[in-house]
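**Q** Okay, predicted coordinates and the sequence, questions at the end:
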Amino acid sequence: MTRFCQSCGMPVKQDPENGGTNGDGSKGADYCSYCYRNGAFTSAEIKTAADMQAFCVAKLKQMGTPALMAWLFTRSIPKLKRWRNI
C-alpha cells in the first residue's frame, strides 16, 4: 500500500479504514477509503485535480488548519496518480 492516497494526498495511516476497497471488497493499494470504495471513486462531482484541491482546502480549513497550511498540504495533488493523465 502507498503511504499517501493517490487521489487526495492524505496519509493512508490517518484513514480509519486503512485504505479504499476494490470492487471485490479487497483493500486497494492506492487510495483512501474517503476517495475510493467498492472499486469506484466516491465523489462524482470531483472531476479534476483543481476540484480535489479546492475540496481538500475547504475540508482542512473546516478542521481548523490555517489557510496557508491547507494550501501547502494540497499543492502536490496534481502530481498524484489519479490526476496525472487528466
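**A** Looks like it came in fine.
**Q** ok, longest helix in the protein?
**A** When the chain is parsed with DSSP state H, its longest helix is helix 49-62.
**Q** Give me the distance between the nearest residue to residue 39 once chain neighbours are set aside and residue 29.
**A** Leaving aside its chain neighbours, residue 39 sits nearest to residue 23 (2.9 Å; criterion: C-beta to C-beta, 6 or more residues apart in numbering). Every C-beta, even on glycine, is put in place using the N, C-alpha and C of the backbone. According to C-beta to C-beta, to the nearest Å, residue 23 and residue 29 sit 14 Å apart.
**Q** Name the residues contacting each of the two.
**A** Listed as contacting both residue 23 and residue 29 by C-beta atoms under 8 Å, 6 or more residues apart in numbering is no residue at all.
**Q** which intervals of this structure have sub-threshold pLDDT?
**A** Applying pLDDT under 70 to the chain flags the ranges 1.
**Q** rerun at 80
**A** 1-2, 86 (pLDDT under 80).
**Q** where do the strands sit along it?
**A** With strands called from DSSP state E, the chain shows them at 36-37, 40-41.
**Q** need those in JSON lines with distance to residue 55, can you?
**A** JSON lines is the format used below for those (distance: least, C-beta to C-beta, whole Å):
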{"stretch": "strand 36-37", "distance to residue 55": "15"}
{"stretch": "strand 40-41", "distance to residue 55": "12"}
